[in-house]
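Trainee: Structure for the following, please:
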Amino acid sequence: MTIEVTSESEMKQLGKKLGSFLVGGEILELVGDVGAGKTTLTKGIGEGMAVDDDVQSPSFTISRVYDARDGLQLAHYDFYRLHDPGIMAAELHETVNDAKVATVIEWAEIVAGVLPQDRLTVTIASPSESSRVVTFEAGGEKSKKLMEKLA
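Mentor: Next comes the predicted model:
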């Protein structure tokens, strides 16, 4: 499934819609160049999950966890600065197996071996300065159902 967005606010709205469907246990792998809109999408996901805190890029902290609606949590990882996952692999393994956590991962290549097959891969391409093409690819049944809700 592919969606074109033409502004930052549209990207955030897309994330908000996606976040409103999350019930815990979902893994979202965000793929895109620096500045493509991965964190903006995640900010919207946080809004859709009723996160009260300001969702920020975890580029320097590697991970951030936010409390959300219905006892859920949003875990946001950014592995851009890592060359070896080290202890983060163990933390991530625990997080992606928690049914009360929706996990968003930027630059997931470094931890691909830890991630389950059933994840929603969201690829953001930047054909121009203002537009983005967002492609969703389901890796299993749970992510497929999530993608169908989004459609």
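Trainee: Pull the distance from the longest helix seen in the chain to the chain's centre.
Mentor: For the chain, the helix with the greatest residue count under DSSP state H is helix 8-21. Here helix 8-21 is found 11 Å from its chain centre; the criterion is Cα atoms, centre = their mean, to the nearest Å.
Trainee: List the buried residues in that helix.
Mentor: Within helix 8-21, the residues that qualify as buried are Glu10, Met11, Lys12, Gln13, Leu14, Gly15, Lys16, Leu18, Gly19, Ser20, Phe21, counting by 16 or more other Cβ atoms under 10 Å. Quick note: C-beta positions are derived from backbone N, CA and C, even for glycine.
Trainee: Give me the helices and strands touching the worst-scoring helix or strand of the chain on mean pLDDT, please.
Mentor: Counting by mean pLDDT, DSSP states H and E, the chain has its least confident helix or strand at helix 87-96, which shows a mean of 76. Helix 87-96 sits against strand 73-78, strand 101-106, with contacts defined as 3 or more Cβ pairs under 8 Å, 6 or more residues apart in numbering; DSSP states H and E.
Trainee: tell me the average confidence for the last one?
Mentor: Confidence over strand 101-106, taken as the mean pLDDT, stands at 93.
Trainee: So what angle separates the directions of it and strand 73-78?
Mentor: 20 degrees (axes from the mean of the first three to the mean of the last three Cα atoms, to 10 degrees).
Trainee: what inclination does strand 101-106 have with respect to helix 87-96?
Mentor: Strand 101-106 and helix 87-96 are oriented at 140 degrees to each other (the same axes, to 10 degrees).
Trainee: partner strands of strand 101-106, parallel or antiparallel?
Mentor: strand 27-31 (parallel), strand 73-78 (parallel) (DSSP bridges).
Trainee: do you know which of those lies nearest Arg64?
Mentor: Proximity to Arg64 (Cβ to Cβ) singles out strand 73-78 among the strands paired with strand 101-106, at 5.0 Å.
Trainee: ok and the closest one relative to helix 8-21, angle-wise?
Mentor: With the same axes, to 10 degrees defining the directions, strand 73-78 sits at 130 degrees from helix 8-21.
Trainee: Contact partners for Ala102?
Mentor: Shown in contact with Ala102 (Cβ atoms under 8 Å, 6 or more residues apart in numbering): 19, 22-26, 28, 45, 49, 68, 72-75.
Trainee: Pull the number of nearby residues for the closest residue to it other than its chain neighbours.
Mentor: Spatial nearest neighbour of Ala102, excluding adjacent residues (Cβ to Cβ, 6 or more residues apart in numbering): Leu22 at 4.2 Å. A count of neighbours around Leu22, defined by other Cβ atoms under 10 Å, yields 23.
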